[in-house]
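> This is a predicted model, with the sequence first.
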Amino acid sequence: MLTLYDYLPSRNAWKVRQLLHHLQRPFRQVLVSIFEGEGRSPAFLRINPSGRVPAIELEDGRTLAESNAILAYSPTARPTSPPRPTTAHGCTSGCRSSRSRWNR
Ligand SMILES: N[C@@H](CCC(=O)N[C@@H](CS)C(=O)NCC(=O)O)C(=O)O
């Protein structure tokens, strides 16, 4: 399952959370208390060397940081979702427009 490294007050993390909900993509949420130093922990720095949220870790262990890069990557919807017209990255036209809206 995809993991989202998250901090609830973060607008950048919020964008990624919205994308995952929009895509109905199940994900595991790991809250990172950035103001208590968790972003600088060795474990989190292995996920994102910049120490910032959001970041995602894919099922195969690959990681991706930077909210806009994650929005552009658009992790695909779960396979059980009803078929919808999608781009190569599994994003519908509705998703693309939402993504553009969040991508500010
Ligand atoms: N350009 C990055 C900015 C990420 C960012 O600044 N995240 C903040 C929370 S909104 C953070 O983790 N700050 C902790 C720190 O800088 O140590 C993105 O869009 O993901």
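Nice, thanks for sending it over.
> interface residues of this structure facing the ligand?
By Cβ under 6 Å from any ligand atom, the residues of the chain that approach the ligand are 7, 10, 12, 34, 39, 51-54, 66-68. For the C-beta atoms, the positions are set from N, CA and C on the backbone; glycine is no exception.
> what about 8 Å?
When proximity is defined as Cβ under 8 Å from any ligand atom, the chain approaches the ligand at 7, 9-13, 15, 32, 34-35, 39-40, 50-55, 65-70.
> For the chain, name the helix or strand with the lowest mean pLDDT.
Least confident helix or strand, the chain: helix 93-102 with a mean of 56, by mean pLDDT, DSSP states H and E.
> Helix, strand, or coil at the most centrally placed residue in the chain?
Centroid check for the chain by Cα atoms, centre = their mean gives Val16 as the closest residue, at 4.1 Å. Following DSSP: H, G, I helix; E, B strand; the rest coil, Val16 is assigned to helix.
> That one against Ser67, yeah?
Yes. Applying Cβ atoms under 8 Å, one finds Val16 in contact with Ser67, separated by 5.6 Å.
> shared neighbours, those two?
Common neighbours of Val16 and Ser67, counting by Cβ atoms under 8 Å, 6 or more residues apart in numbering, are Pro54.
> for Glu59, what are its contacts?
Neighbouring residues of Glu59 by Cβ under 8 Å, 6+ apart: 1-2.
> how near is Gly51 to Gln18?
Gly51 sits 23 Å away from Gln18, going by Cβ to Cβ, to the nearest Å.
> now do Leu58
Note on Leu58: its distance to Gln18, by Cβ to Cβ, is 19 Å.
> Which residue, neighbours along the chain excluded, lies closest to the residue nearest to the centre of the chain?
Pro54 (4.4 Å; Cβ to Cβ, 6 or more residues apart in numbering).
> what's around the one you found, how many residues?
By other Cβ atoms under 10 Å, 24 other residues sit near Pro54.
> My read is that it contacts Ala13, right?
Yes. Taking Cβ under 8 Å as the definition, Pro54 is a contact partner of Ala13 at 4.0 Å.
> shared neighbours, these two?
What both Pro54 and Ala13 touch, as defined by Cβ under 8 Å, 6+ apart, is the set 4, 6-7, 67.
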